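Engineer: sharing a model prediction with you, sequence too.
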Amino acid sequence: MKTKFLESGTLISSKPGHVLIGFGKRTWLRREEQLPNPVFYFPDFFLKNTHAWFTHEEWCELPLSELQEFLAEIQTHPYADSVTWNLPKKELFENEFANLQKQFESKKLEKAVPYIFAQSTTRMTRNRLQQCLKSAVQYAITYPAHLYGFWDHSKGEGVLGVTPEFLFDLNSTLKSVACAGTYRSDLQDQQDQHKLLREHQIVVKGIQESLVNFGSVNVGKMITTNFGALNHFITPIEVPLQQRPEFDSIVLALHPTPALGAFPKQEGSRWLENYALKYTRWRYGAPVGYIKETQAKCLVAIRNVQWDEAGMYIGVGCGVVCESEYDSEYRELQLKLQSIKDLLSL
């Protein structure tokens, strides 16, 4: 199992405190199918993949503590090389921030999430992947975050992350969360409170509008949740179901929420596509999930590292509204970037 898992593996948080693992031969599918094995879902952000679903020849579901023990048994060696990250030019984000303020003034948009990438030409070796996995699992044990990733060592590609946000959890009730409003755990500038709350309320509104066709939408009480260096505002949102909707139909309704996209959604979609022409995002912020019998869950793929044969990439974004200040938003991007490097030991 160890060799197969590190060669071609998948993992994703399932029920509380557990992780679903696939390993061995991966078979890509055009669409969700009713199969005895779990079916994993890893599309690109814009859902353009013709094959986004896949299965593995073998799988298991483990408590996180057992996965931690399993990884501890695999011998690793200190990195032979350190990772040097190249940040994008600050002007790109600065120009987009100014452009968004014009969009807000014209009432075309209320909120948007521009992003940047740190890039490295360092390769994701098997040894480095093992270290990243150990660090990510420890983080998922310590904080209420969701683990996810898949990789193919023969192709030199993959993604691994631990996200604070899930898109939906599907059983007899359809559950989602508004996760927006980020600040340092050791400091909260009271002047930012209005901006953070407005940003969060827009996300709640956007998710409510996306879920109305599934039933009566119930919005819970907003809480502040700690994820180490960062705190997030989180509001639970639920829809009791009369009948079970299709996985893809929920993805299409919700993705991307204003937490990772833009609002209003129609105009926001145009902005997202135009921004992606300047800056490819790969799977950053994409929906990733699985179906296993009656269980179905979909996460939002943030707080991750992606890689291919050219190197590694870490994407970070920030919610921008009319009250946002450039310096504050850019500092948030730097804080998020450092937190991802720390949680993945990169």
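Structural biologist: Yep, that arrived. Numbers count the residues shown, from 1 in each chain.

Engineer: could you pull out the strands for the stretch 1-150 of the chain?
Structural biologist: For the stretch 1-150 of the chain, the strands defined by DSSP state E, counting those that start in this stretch cover 8-13, 18-29, 39-41, 53-63, 111-112, 115-120, 146-152.

Engineer: residues contacting the fifth one, please?
Structural biologist: Contact with strand 111-112 is made by 100, 103, 199, 202-203, 258, 261-263, 268, 271, 319-321, as judged by CB atoms under 8 Å, 6 or more residues apart in numbering. For every residue, glycine as well, the C-beta is placed using N, CA and C.

Engineer: any idea of the mean pLDDT for that strand?
Structural biologist: This predicted structure assigns strand 111-112 an average pLDDT of 96.

Engineer: so who does Tyr279 touch?
Structural biologist: Residues counted as contacts of Tyr279 (CB under 8 Å, 6+ apart) are Pro88, Leu92, Tyr115, Ile116, Phe117.

Engineer: equivalent analysis for Ala178, please.
Structural biologist: Per CB under 8 Å, 6+ apart, neighbours of Ala178: His200, Val203, Val204, Ile207, Met222, Phe233, Ile234, Thr235, Ile237, Thr257, Ala259.

Engineer: for it, give its distance to Val217.
Structural biologist: Ala178 sits 12 Å away from Val217 when distances are taken as CB to CB, to the nearest Å.

Engineer: what's the overlap in contacts for those two?
Structural biologist: Counting by CB under 8 Å, 6+ apart, the residues touching both Ala178 and Val217 are Ile237.

Engineer: give me the pLDDT for Ala80.
Structural biologist: Listed pLDDT for Ala80 reads 59.

Engineer: should've said Leu62
Structural biologist: What the model reports as pLDDT for Leu62 is 94.

Engineer: count the neighbours of the residue lying closest to it once chain neighbours are set aside for me.
Structural biologist: The shortest distance from Leu62 to any non-neighbouring residue, by CB to CB, 6 or more residues apart in numbering, is to Val19 (5.9 Å). Applying other CB atoms under 10 Å, we find 22 residues neighbouring Val19.

Engineer: isn't Val19 right next to Gly9, touching?
Structural biologist: No. In this structure, Val19 is not within contact of Gly9 by CB atoms under 8 Å, at 11.3 Å.

Engineer: most remote residue from the middle of this protein, which is it?
Structural biologist: The outermost residue of the chain relative to its centre, with distances by CA atoms, centre = their mean, is Ser106 at 30.3 Å.

Engineer: any idea how far it is from Tyr313?
Structural biologist: On the measure of CB to CB, Ser106 and Tyr313 end up 33 Å apart.

Engineer: hmm, which two among the contacts of strand 111-112 are most spread apart?
Structural biologist: Across those, the longest distance by CB to CB is 17.5 Å; it joins Gln103 and Val203.

Engineer: between the two, which is the more surrounded one?
Structural biologist: A direct count of neighbours by other CB under 10 Å for Gln103 and Val203 places Val203 higher, at 27 against 18.

Engineer: which neighbouring elements make contact with the host helix or strand of that one?
Structural biologist: Per DSSP states H and E, Val203 falls inside helix 193-211. Counting contacts by 3 or more CB pairs under 8 Å, 6 or more residues apart in numbering; DSSP states H and E, helix 193-211 packs against strand 111-112, strand 173-184, strand 230-240, helix 247-254, strand 262-263, helix 265-278.
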